[in-house]
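S.K.: Sharing a sequence plus its predicted fold:
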Amino acid sequence: MTDPTWLAAQRRALVRFAANSVDPAGGFGWLDAAGERVPDKPVATWITARMTHVFALEDGLGDPDAAALVDHGVAALRGRLHDDEHGGWFSSVADTTKAAYEHSFVLLAACSAHAAGRPHAPELLAEALDVIETRFWDAEIGLPFESWDKAWTTTEAYRGANSTMHFVEAFLAAGDVTGDKIWHERALGLSERIIHVTAAAHGWRVPEHFSEDWRTDLNYNRDDQRHPFRPFGATIGHWLEWARLLLHVEAALGDKAPSWLLSDARALFDSSVRRGWGVDGHLGFIYTVDWDDLPVVRERMHWVMAEAIMAASALHRRTDEDPYADWYATFWEYARKNHIDPIGGWRHELAPNGSPSAGVWAGKPDTYHAYQATLFPLLPLAPAAALTSRQPFQSR
């Protein structure tokens, strides 16, 4: 497995790069390829929450500058990104939509900031849990709503696996930080519905898009195949991310974990490699495939490689099987050669031949996936990183 000292150096470099995203008005902004904040991009809740989470983890690892960055993020989530009238969080300072995706990351950030002991994090966490419980959790079917208008009067006639997946991540953290295991149980329920039932029925391809009654919509966005959050078809990187999350769910549940969590994680990883790795004649994972496994968007995304690294690491640690270690080494070799940029950060998107491109994602707005790829192979699968990053381990 990759040298922990090298991983730690990469992690610290990513944090230094991400610190450039501080917006003096509050929150964290979009970085361009050179690491400069793009002033005409509105501050977004998902970026601000992800960066707050990253800096909170880094605070646990002893970075003396991280606490101030966490506080900066918490202030924005309690300030300019928060709806003081109706509650909840806007998608950005320019968009009053209230979306599950953004709220999942507010909860994750609140958990990490609370574990870091930062001021006002308990209040942020309490409100995030309440808003998700009262606005996003559909208790009748045990799945989340996707989005609402500003006043919580109209919900979108769409349901998404992407936001559901990130609720799994956030619910695991919430269960660990608060001690309320209902969040672990809900993470299991979401995983069962999206993966054990739906993905299994589609040959270990994960459908991303659903109607409001949770019927799969396999043709969704056929005319907008490069949508950054809702692309047409199946997104290979999410299969890898789900594989990892299933192992976190298993570890969180302990003796109560069903056996299918491991077997489904294996199946998703195998499906990802078989249908996504180098299938167009070039190394790397293609971004999306159609339902006949034909490539749709062939660009290579940094976050997909980061999730591949973490999935392979998690499966190797869970099973001690050599093929997963081999894949882990292969994925890091690709990342070092193609994604890690000597000027800082990871190149977010690559053409199939490995050259930088920007057909879906421009710049380097997100350090969350790459940062976790440098840290999670050194942490146990449970409890959440919000807690384990604050415990001693090798080569901080």
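M.R.: Happy to help now that I have it.
S.K.: Going by residue numbers, what spans are helices in this protein?
M.R.: Using DSSP state H, the helices of the chain run over residues 4-18, 45-60, 66-78, 100-115, 121-131, 161-178, 182-191, 200-201, 236-253, 260-276, 302-319, 322-334, 368-375, 385-388.
S.K.: Quick check: which of the ones you listed is nearest to residue 353?
M.R.: With Cβ to Cβ as the measure, helix 322-334 is the member of the helices of the chain nearest residue 353 (13.0 Å). C-beta coordinates here come from the backbone N, C-alpha and C atoms, glycine included.
S.K.: circling back to that earlier point, want to throw the helices of the chain into a markdown table with distance to residue 344, mean pLDDT and mean neighbour count?
M.R.: Shown next, in a markdown table, are those (distance: least, Cβ to Cβ, whole Å; pLDDT from 0 to 100; neighbours: other Cβ atoms under 10 Å):
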| stretch | distance to residue 344 | mean pLDDT | mean neighbour count |
| --- | --- | --- | --- |
| helix 4-18 | 4 | 97 | 18 |
| helix 45-60 | 15 | 98 | 28 |
| helix 66-78 | 16 | 98 | 22 |
| helix 100-115 | 23 | 98 | 28 |
| helix 121-131 | 28 | 98 | 19 |
| helix 161-178 | 26 | 98 | 24 |
| helix 182-191 | 34 | 98 | 21 |
| helix 200-201 | 41 | 98 | 14 |
| helix 236-253 | 22 | 99 | 26 |
| helix 260-276 | 28 | 99 | 21 |
| helix 302-319 | 13 | 98 | 25 |
| helix 322-334 | 18 | 98 | 18 |
| helix 368-375 | 11 | 98 | 25 |
| helix 385-388 | 23 | 97 | 22 |
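S.K.: Could you dump these into TSV with distance to residue 286 added?
M.R.: Compiled in TSV, the helices of the chain are given as follows (distance: least, Cβ to Cβ, whole Å):
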stretch	distance to residue 286
helix 4-18	25
helix 45-60	24
helix 66-78	33
helix 100-115	23
helix 121-131	35
helix 161-178	18
helix 182-191	25
helix 200-201	22
helix 236-253	6
helix 260-276	6
helix 302-319	9
helix 322-334	13
helix 368-375	17
helix 385-388	29
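S.K.: so which of those helices gets nearest residue 92?
M.R.: helix 45-60 (6.2 Å).
S.K.: tell me the angle of that closest one relative to helix 66-78?
M.R.: Interaxial angle, helix 45-60 versus helix 66-78 (axes from the mean of the first three to the mean of the last three Cα atoms, to 10 degrees): 150 degrees.
S.K.: Show me what helix 45-60 is packed up against.
M.R.: helix 4-18, helix 66-78, helix 100-115, helix 368-375, helix 385-388 (3 or more Cβ pairs under 8 Å, 6 or more residues apart in numbering; DSSP states H and E).
S.K.: make it 6 Å
M.R.: If you count contacts as 3 or more Cβ pairs under 6 Å, 6 or more residues apart in numbering; DSSP states H and E, helix 45-60 packs onto helix 66-78, helix 100-115, helix 368-375.
S.K.: and the angle for it with helix 368-375?
M.R.: Using the same axes, to 10 degrees: helix 45-60 against helix 368-375 is 20 degrees.
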